[in-house]
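# next come a sequence and a model predicted from it.
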Amino acid sequence: MPALAAGMATHWRYALGEPVQLAAMLVRGDAYTNEAHERPPMTTAVRILDDGAWISVDDERVVSVSELWQLADHDVCGCETADFLIEGFVDVDAAGQSVLVRAAGQCVTCGDSAVSGWLPVGRIVGPNRRFASLDTRDVRIPRA
């Protein structure tokens, strides 16, 4: 396995049921000798369930379709802020501590349908690596 950047965690990425492992070792320095010691990798499984109806983080359903998200600085439609009704998840990924999705849906203001760019849905937080969801009222900005 090629050397990867320190400070990243091991993640499993599922694109429509196909697992892809994204791995890196966490490294910390010894306070007395300043020597690096490897820690076992931490794994967070993120995947799409039920034909795109749910996002699962560590085998727990955390985000579902039929939610209305506000999108700013997007390419879904011509509206300045899209009221985007989530109809299905197309892809999911873990980027650092963030969980991102690409979603198919429709702007309820203008009626245009599209697949979004990468949208944040939550973060992996704390030593127990639990999922913290974004509020559905938050305005989301797609990431490149």
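Done, it's in. This structure is a prediction, so every number in the text was calculated from the model and none was measured.
# where in the protein is pLDDT low?
Applying pLDDT under 70 to the chain flags the ranges 1-42, 144.
# quick one: the strands in it, in order.
Ranges of strands within the chain are 10-15, 18-22, 27-29, 36-38, 43-49, 54-57, 60-64, 68-72, 81-95, 98-107, 113-115, 119-125, 130-133, 139-140, based on DSSP state E.
# redo the ones you listed as CSV? Include mean neighbour count.
C-beta coordinates here come from the backbone N, C-alpha and C atoms, glycine included. Formatted as CSV, the strands of the chain follow (neighbours: other C-beta atoms under 10 Å):
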stretch, mean neighbour count
strand 10-15, 18
strand 18-22, 11
strand 27-29, 12
strand 36-38, 10
strand 43-49, 18
strand 54-57, 21
strand 60-64, 15
strand 68-72, 17
strand 81-95, 19
strand 98-107, 21
strand 113-115, 15
strand 119-125, 19
strand 130-133, 15
strand 139-140, 18
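# how far away is residue 119 from residue 126?
23 Å (C-beta to C-beta, to the nearest Å).
# typo on my end, residue 117
Taking C-beta to C-beta, one finds residue 117 at 28 Å from residue 126.
# what of residue 73?
30 Å.
# more neighbours: these two, which one.
Remark: of residue 73 and residue 126, residue 73 carries more neighbours, 11 against 8, as counted by other C-beta atoms under 10 Å.
# Provide a list of residues in contact with the more buried one.
With contact set as C-beta atoms under 8 Å, 6 or more residues apart in numbering, residue 73 has these partners: 141, 142.
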